[in-house]
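S.K.: just to be clear, the model below is a prediction. Sequence and coordinates:
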Amino acid sequence: MSNLIKGKATICIVNYKTLDFARLCLRSIRKFTKYPYEVIVIDNDSQDESLKYLKSLNWIRLIERRAGANEPGGGYAHGAGLDLGLENCNTEFFISMHSDTFVRKDNWLKDLIYYFGSDESIVCVGSGKIELIPKWRILLKKATDFRTLKRKVLREQDPVGKFRYYNRTICSLYRTDILRRERLSFLMDRDKGLTGGKKLYFELVDRGHKTVELPPSVMGRFIYHLAHATQVVNQSEFNLRSRTKRKINRNIKKIMNSQQVQEIMADSSLDK
């Protein structure tokens, strides 16, 4: 780790046509982060107002990534963006964060890095899916998840780990040197239907590295995540069910109209 800056983190955000979310994400980082950090934003060929906004910020490192010929886009482009961010990271910790993820708590990064403690064998801190719904509804959803029950009863095979738990790239913290030493990529097994970073996490665990799996309720104290918000604001490019769109739009409206978010969005000094 001699070439990495110890005691500092790189926050990597991949942007694709999410002007308002990117602005909120970056301003919230600027407002609530005290731990030494830098931000790398990978723009996936947005060619819109969000890219223009990113270019106006002199406190981030912007990397414009062009899609390759016949590239599938979507989740593939996101994983490729994280790989590019990791390639350009020169700090002890690498943090993946979605552009529709917003920080909500002061000293959030210091508190999350605290979970690594002094144990250098811990290589990842993160959580699973973060639900923006009341706890009772989450419990009800689990109790009525008949597909999961059927899978367990029938002992359905899961050779690639489709149903296996992993720390999601919504907001995950990694030791940079371990990801590089193990030659891991956020695109591993994308061709087998796994989302970005899933196989990477499996490899960390299967190779004997320790991880910290925070309950979503704990991670939710530090961040908000508007799941699938990028797809909703770019509906013509992504296929979502009408019911899902309505649910996401309700969550977007609720969060974007909250007092905390309104105050951040009104504070343009956070761009400087």
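M.R.: Happy to help now that I have it.
S.K.: C-alpha only now, for contacts and for neighbours.
M.R.: Noted.
S.K.: point out where the stretch 1-150 of the chain drops to low pLDDT.
M.R.: For the stretch 1-150 of the chain, applying pLDDT under 70 flags the ranges 1-2, 131-150.
S.K.: can you give me the strands in it?
M.R.: For the stretch 1-150 of the chain, the strands defined by DSSP state E, counting those that start in this stretch occupy 5-15, 37-43, 61-64, 91-98, 101-103, 122-127.
S.K.: now the ones you listed as a markdown table including mean neighbour count and distance to residue 207?
M.R.: As requested, these are arranged in a markdown table below (neighbours: other C-alpha atoms under 10 Å; distance: least, C-alpha to C-alpha, whole Å):
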| stretch | mean neighbour count | distance to residue 207 |
| --- | --- | --- |
| strand 5-15 | 22 | 24 |
| strand 37-43 | 22 | 28 |
| strand 61-64 | 18 | 32 |
| strand 91-98 | 24 | 19 |
| strand 101-103 | 25 | 29 |
| strand 122-127 | 23 | 11 |
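S.K.: quick one, which of the ones you listed gets closest to residue 219.
M.R.: strand 122-127 (6.5 Å; C-alpha to C-alpha).
S.K.: check which helices and strands that closest one sits against.
M.R.: Here strand 122-127 touches strand 171-175, strand 210-214, helix 216-219, going by 3 or more C-alpha pairs under 8 Å, 6 or more residues apart in numbering; DSSP states H and E.
S.K.: highest average neighbour count across those?
M.R.: Mean neighbours per residue, mean count of other C-alpha atoms under 10 Å, is largest over these for strand 171-175, with a mean of 24.
S.K.: what angle separates that one from strand 91-98?
M.R.: Here strand 171-175 points in a direction 160 degrees away from that of strand 91-98 (axes from the mean of the first three to the mean of the last three C-alpha atoms, to 10 degrees).
S.K.: what helices and strands are in contact with strand 171-175?
M.R.: Here strand 171-175 touches strand 91-98, strand 122-127, going by 3+ C-alpha pairs under 8 Å, 6+ apart.
S.K.: could those strands be laid out in JSON lines, adding distance to residue 237?
M.R.: Shown next, in JSON lines, are the helices and strands packed on strand 171-175 (distance: least, C-alpha to C-alpha, whole Å):
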{"stretch": "strand 91-98", "distance to residue 237": "18"}
{"stretch": "strand 122-127", "distance to residue 237": "28"}
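S.K.: nearest to residue 83, of these?
M.R.: Closest of these to residue 83 is strand 91-98, at 10.0 Å (criterion: C-alpha to C-alpha).
S.K.: can you give the strand pairings for that closest one, parallel or anti for each?
M.R.: strand 5-15 (parallel), strand 171-175 (antiparallel) (DSSP bridges).
S.K.: quick one: residue 123 and residue 73, what's the gap?
M.R.: 29 Å (C-alpha to C-alpha, to the nearest Å).
S.K.: does residue 255 sit in a helix or strand, and which one?
M.R.: According to DSSP states H and E, residue 255 maps onto helix 242-256.
S.K.: in that helix, which residues are buried?
M.R.: Within helix 242-256, the residues that count as buried by 16 or more other C-alpha atoms under 10 Å are 245, 248-249, 251-252, 255-256.
S.K.: who touches that helix?
M.R.: The contact list for helix 242-256 (C-alpha atoms under 8 Å, 6 or more residues apart in numbering) reads 132, 226-229, 232, 261-262.
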